[in-house]
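Student: Model the following, please.
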Amino acid sequence: MKVIVIGPRGKMGKLITQVAAAREDMELVAAVGPKGRDYIGKDLGNVAMIGRELGVPVTDDLESVIDMCDVIIDFSTKEMGMEVLDLAIAHKKALVCGTTGFTPEEMQRFQDAALEIPMLYAANTSKLVNIMNKLLEIVTMTLKDEIDIEILEMHDQWKKDAPSGTSKEMGEIMAHALGKELGDIAVYGREGVSPREPGTIGYHSLRAGNIPSSHTVYFGGMGERLEITHHSYNWECFARGACDCAAYLSGKAPGFYTIKDVLNL
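Tutor: Numbers count the residues shown, from 1 in each chain. Presented below is the predicted three-dimensional model:
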């Protein structure tokens, strides 16, 4: 499988490059960075700091290299993500996108793209996070109105969107298990006189230092509580998952795929 990585100098782009370069079933053919960056024109191996040259160019023009690839892996920015999506559709290339912070209207564009290309969107590509999602669904469906649900998510000081895309996905899974929509029952933080509304899902976002990613869901009952937590120690688990998603799209027909399909959950 021939792969193009978007944003090879970003924290995810670097790791995806490193993981893909070590896989026997993948060949890196190009990488694309934002215009004006000082690494444009340099070798991808040097840009991603993997310790050797790959003989692969880094460009700022995806259209000039897109026909070389089978799949694009994009964990860049929401602005760049829209441009990548349009070109993937135009050139009929499979796309894995893990960028978060899109509006509902922008997410609909990814759904629509699935009519024309193999499209895999995943807010979180960690295997353990997605197994955690399954556990959250089971607990919520079992207990329903017997418990209160609160989500605490922690990330580094540079993360732009809050709550995280992963915690939104968790909330949507639990809301659907309750037969509701997250937008109708989500509560974001509290201040002053703010008693808990029964049947809601509370969100709390912490941003500090270089915390990679941490999500805890609290199920509060009377006299007891259950906590389900995932901590990532670094970003490697997400990069490995992203490459697994790309490999999964090999030979797939147009359609909207998720990490659940990759993991058979």
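Student: Report the buried residues of the worst-scoring helix or strand of the chain on mean pLDDT.
Tutor: Lowest on mean pLDDT, DSSP states H and E among the helices and strands of the chain sits helix 259-263, with a mean of 92. Buried residues in helix 259-263, defined by neighbour count with 16 or more other Cβ atoms under 10 Å: 259, 261, 262, 263. All C-beta atoms are positioned from the backbone trio N, CA, C, and that covers glycine.
Student: for stretch 207-214, which positions count as buried?
Tutor: Neighbour-count burial for stretch 207-214, counted by 16+ other Cβ under 10 Å, picks out 211, 212, 213.
Student: one step back: can you tell me what sits against the least confident helix or strand of the chain?
Tutor: Applying Cβ atoms under 8 Å, 6 or more residues apart in numbering, the external contacts of helix 259-263 come out as 120, 122, 124, 125, 127, 130, 131, 241, 244, 245, 248, 265.
Student: hey, where'd the helices end up in the stretch 151-265 of the chain?
Tutor: 165-177, 182-185, 236-248, 259-263 (DSSP state H, counting those that start in this stretch).
Student: so what's residue 67 up against?
Tutor: Per Cβ under 8 Å, 6+ apart, neighbours of residue 67: residue 91.
Student: Local confidence estimate at it?
Tutor: With respect to pLDDT, residue 67 has a value of 97.
Student: which helices and strands sit right next to the longest helix along the chain?
Tutor: Ordering each helix of the chain by length in residues (DSSP state H) puts helix 127-143 first. Helix 127-143 sits against helix 165-177, strand 213-220, strand 225-232, helix 236-248, helix 259-263, with contacts defined as 3 or more Cβ pairs under 8 Å, 6 or more residues apart in numbering; DSSP states H and E.
Student: again, only using 6 Å
Tutor: helix 165-177, strand 225-232 (3 or more Cβ pairs under 6 Å, 6 or more residues apart in numbering; DSSP states H and E).
Student: deepest of the ones you listed, which one?
Tutor: helix 165-177 (a mean of 21; mean count of other Cβ atoms under 10 Å).
Student: element containing residue 88, please.
Tutor: helix 78-90 (DSSP states H and E).
Student: Just the mean pLDDT for that helix, thanks.
Tutor: For helix 78-90, the per-residue pLDDT averages 95.
Student: For that helix, which residues meet the burial criterion?
Tutor: 80, 81, 83, 84, 85, 87, 88, 89.
Student: so the second one sits right up against residue 99, yeah?
Tutor: Yes. Taking contacts as Cβ atoms under 6 Å, residue 81 lies within contact range of residue 99: 4.5 Å.
Student: Give the rounded mean pLDDT of stretch 40-60.
Tutor: 94.
Student: give me the beta-bridge partners of residue 204?
Tutor: residue 152 (DSSP bridges).
Student: Residue 163 versus that one, what's the distance?
Tutor: 8 Å (Cβ to Cβ, to the nearest Å).
Student: which of those two has more neighbours?
Tutor: residue 163 (21 against 18; other Cβ atoms under 10 Å).
Student: Good, we can wrap up now.
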